[in-house]
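Colleague: from the sequence below, what's the structure:
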Amino acid sequence: MRLFIACSAFLLLSACWDAGAGAPVFEARTGIVYDGDSFLVKRGRNEIEIRLYGIDAPEKAQPWSAEARKALDKLIGGRMLRIDPVETDRYDRIVARVYRADDDLYVNAEMIRQGHAWVYRRYTDERKLLASEKLARRDDAGLWGLPGQQRQPPWDWRAEHP
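Modeller: Prediction:
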């Protein structure tokens, strides 16, 4: 009977497990890169959608979208990654801090530092990300080198294009 109760409790907890805050860090290989802030990873036979925590890259119809997607693919394409889940978003993607497994590069901050995304201040005030954006702006890196009217933050663009 104890074994039955223990197994039932384990199954119930497993079914309710959310890959959000407190979820264990895991490693997986990069699959498809969708855009500048989301991609698929493969872990065993499972495919898991990941959204980079704290950053917002241009939407597909915005200037610099293609460059942001290519930059993320160059950083992570085909590589093993360490995924540190923060939460699960409304699209059922794991929102995570992502590091390359071989050199520990913090991918979220690197995308911002290279000028391929904004810090998503609505969801974070993480110092590393803010410092990376400050450097990118100072150096006119990536999208920061575009004319001002072409640098519309994605959250403003989405509000205008529902």
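
Colleague: going by C-alpha atoms from here, please, whenever you check contacts or count neighbours.
Modeller: Will do.

Colleague: next secondary structure element downstream of the strand or helix carrying Lys42?
Modeller: In the assignment (DSSP states H and E), Lys42 maps to strand 38-43. As assigned by DSSP H and E, the chain's next helix or strand after strand 38-43 is strand 46-52.

Colleague: who touches that following strand?
Modeller: Applying CA atoms under 8 Å, 6 or more residues apart in numbering, the contact partners of strand 46-52 are 37-42, 92-98, 108.

Colleague: same check on stretch 31-40?
Modeller: 30, 41-42, 47-52, 55-60, 65-66, 68-73, 77-78, 116-117.

Colleague: thinking again about what came up before, mind listing what's buried in the strand holding Lys42?
Modeller: Residues Ser38, Phe39, Leu40, Val41, Lys42 are the ones in strand 38-43 that count as buried (16 or more other CA atoms under 10 Å).

Colleague: returning to that earlier point: PyMOL command for the buried members of the contacts of stretch 31-40?
Modeller: In PyMOL, this line selects whichever of the contacts of stretch 31-40 come out buried by 16+ other CA under 10 Å:
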select buried, resi 30+41+42+48+49+50+51+52+55+56+57+58+59+65+66+68+69+70+71+72+73+77+116+117
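
Colleague: helices - which of the contacts of stretch 31-40 land there?
Modeller: Among the contacts of stretch 31-40, the members falling in helices (DSSP state H) are Ser65, Ala66, Ala68, Arg69, Lys70, Ala71, Leu72, Asp73.

Colleague: my read is that the first one contacts Glu59, right?
Modeller: Yes. Between Ser65 and Glu59 there is a contact under CA atoms under 8 Å: 5.9 Å.

Colleague: shaky segments in the protein?
Modeller: 1-21 (pLDDT under 70).

Colleague: closest to the centroid, which residue in this structure?
Modeller: When CA atoms, centre = their mean is applied to the chain, the residue found nearest the centroid is Leu52 (0.9 Å).

Colleague: who does it bridge with?
Modeller: Beta-bridge pairing for Leu52 (DSSP bridges): Ala96.

Colleague: what do you get for Glu27?
Modeller: With beta bridges defined as DSSP bridges, Glu27 has these partners: Arg82.
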